[in-house]
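# The following comprises the amino acid sequence and a computationally predicted model.
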Amino acid sequence: MSEHTAIVIGGGIGGLTAAVALHRRGWAVTVLERAAALEPVGAGIGLAPNAQRALDTLGAGDAVRAIAAGQTVGALRLPSGRRLARTDSAAAVRRFGGPVVVAHRADFVALLAARLPAGAVRTGAAATLVDEGDPAPGGRPARVRIGAEECAADLVVGADGIHSAVRRALFPGHPEPRYAGFTAWRFVVPAPDAPFTPHETWGPGGLWGSQPLHDGRVYAYATAALPPGGRAADGDERAELLRRFGDWHHPVPALLAAADPAAVLRNDVRTAAAPPPAFHQGRVALLGDAVHPMTPNLGQGGCQAIEDAVVLAHEAAPDGDLGAALALYTRQRLPRTMEVVRRAQRIGRLTTWRARPACALRAALMAATAFPQGLRRLRPGGTPTAPDLALRSLDGIADWRPPAAT
């Protein structure tokens, strides 16, 4: 029997997860990454129970949890430090069957790449889709060009990110992702001497988050409602963060004091402008930010890409009907991911509120939702369920389970 080949364009988390999943399914996989090395943009990634269950199907869940920090407790705060809501891992386990864990992206990428055969990842390989192919049995393969080289494959996966060239080639008239109204900063620093509770803090026109990593460092992120394309006047994004967040509660000032200005990442946040016609065409499938970019407000961008990868590999048997498999992939993934996009957008818009009355109303609503007056319903054993309410934004998302193996 001839070998069935798959090319994955993009060596980020979604692309590498797809490569691992397809390799386990029996495909001969090559990953083409345009960067000179697998150096992921970003600092940390939250993996909700839905993503962890997807990784469990690849035999990678325990390894990922071993390099991640579980969120035992967390808090939603105001810049003064006042706590609006709290949650804990027990609440997430009750509601979703597991906790959220946070890993460094570089560690996660290295773990995924190590699960591929030697030579499966080609860096410095900028790929262009030449022909989407015909998925009918015996139909022509898809073709990809890397420089002067041209490669054919039975399946091509476009995992080339928010500015996906593969998406543009498949759907040239589809609108590009639109600016979501805010920009984001990320960095990783050693933990401060004084302990703190993992938190997300909402202030006028932006937010700050501090999440411990498993190795004693802290992943910090922030957003602010600003026009697109902006940068700090002198190129010092740490100074910009100090100006905006330097007087917020502990540990924000300490984390900023420890940050290397050159290591602070800044990116405008973009989101899908409209649902795509499909997640596939011909012998090409799209996944992750290439097809459903979303704001980070639910922490689901990477998680949904991982789901995509596992579902795609589940449906696409190497010797099966690829056209039918990709159509089923679209039917499963398009409505789900676009719903997550919409829900993340709604929360993202709330973070851009600036006016003092609007921010006061937002804080009151958050507190009332998390701790409604008089709510004292208990589970067996007397555990208050109030922390569960702070997790409701992930209902129907974090409780997802991957398709059963066949």
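Cool, got the structure.

# Can you give me the neighbour number for the closest residue to V166 other than its chain neighbours?
Spatial nearest neighbour of V166, excluding adjacent residues (CB to CB, 6 or more residues apart in numbering): G158 at 3.0 Å. From N, CA and C alone the C-beta is placed, and that goes for glycine too. Look at G158: counted by other CB atoms under 10 Å, it has 31 neighbours.

# contacting residues for G158?
By CB atoms under 8 Å, 6 or more residues apart in numbering, the contact set of G158 is 9-10, 129, 164, 166-167, 170, 284-287, 290-291.

# and these as TSV, adding secondary structure?
Listed next are the contacts of G158 as TSV, based on DSSP: H, G, I helix; E, B strand; the rest coil:
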residue	secondary structure
I9	strand
G10	coil
L129	strand
S164	coil
V166	helix
R167	helix
L170	helix
V284	strand
A285	strand
L286	strand
L287	coil
A290	helix
V291	coil
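
# and which of those is nearest A316?
A316 has its nearest neighbour among the contacts of G158 in A285, at 7.7 Å by CB to CB.

# And that closest one, how far from V100?
28 Å (CB to CB, to the nearest Å).

# Neighbour count: the two, which is higher?
Using other CB under 10 Å as the criterion, A285 and V100 rank with A285 on top: 32 against 26.

# Which residues does that one form beta bridges with?
Counting by DSSP bridges, A285 is bridged to V157, H280.

# With A85 instead?
L76.

# now the helices: where do they sit in the stretch 101-250 of the chain?
Using DSSP state H, counting those that start in this stretch, the helices of the stretch 101-250 of the chain run over 105-113, 165-170, 237-245.

# Turn those into TSV, including distance to G147, mean pLDDT and mean neighbour count.
Converted to TSV, the helices of the stretch 101-250 of the chain look like this (distance: least, CB to CB, whole Å; pLDDT from 0 to 100; neighbours: other CB atoms under 10 Å):
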stretch	distance to G147	mean pLDDT	mean neighbour count
helix 105-113	22	95	20
helix 165-170	15	98	21
helix 237-245	34	97	19
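
# In TSV: these, plus distance to V93.
Output for these, formatted as TSV (distance: least, CB to CB, whole Å):
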stretch	distance to V93
helix 105-113	22
helix 165-170	37
helix 237-245	32
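
# right, and these - which one's nearest L22?
That would be, of the helices of the stretch 101-250 of the chain and by CB to CB, helix 105-113, which comes in at 12.4 Å.

# contacts for the closest one?
Residues from elsewhere that reach helix 105-113, judged by CB under 8 Å, 6+ apart: 11-13, 16-17, 19-20, 38-40, 42-45, 60, 63-64, 67, 121.

# Narrow those to those in strands?
The members of these that map onto strands under DSSP state E are G44, I45, V121.

# could you dump those to TSV with distance to A233?
TSV is the format used below for the ones in strands among the contacts of helix 105-113 (distance: CB to CB, whole Å):
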residue	distance to A233
G44	27
I45	30
V121	39
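
# which of the residues you listed count as buried?
The neighbour-count criterion (16 or more other CB atoms under 10 Å) marks G44, I45, V121 among those as buried.
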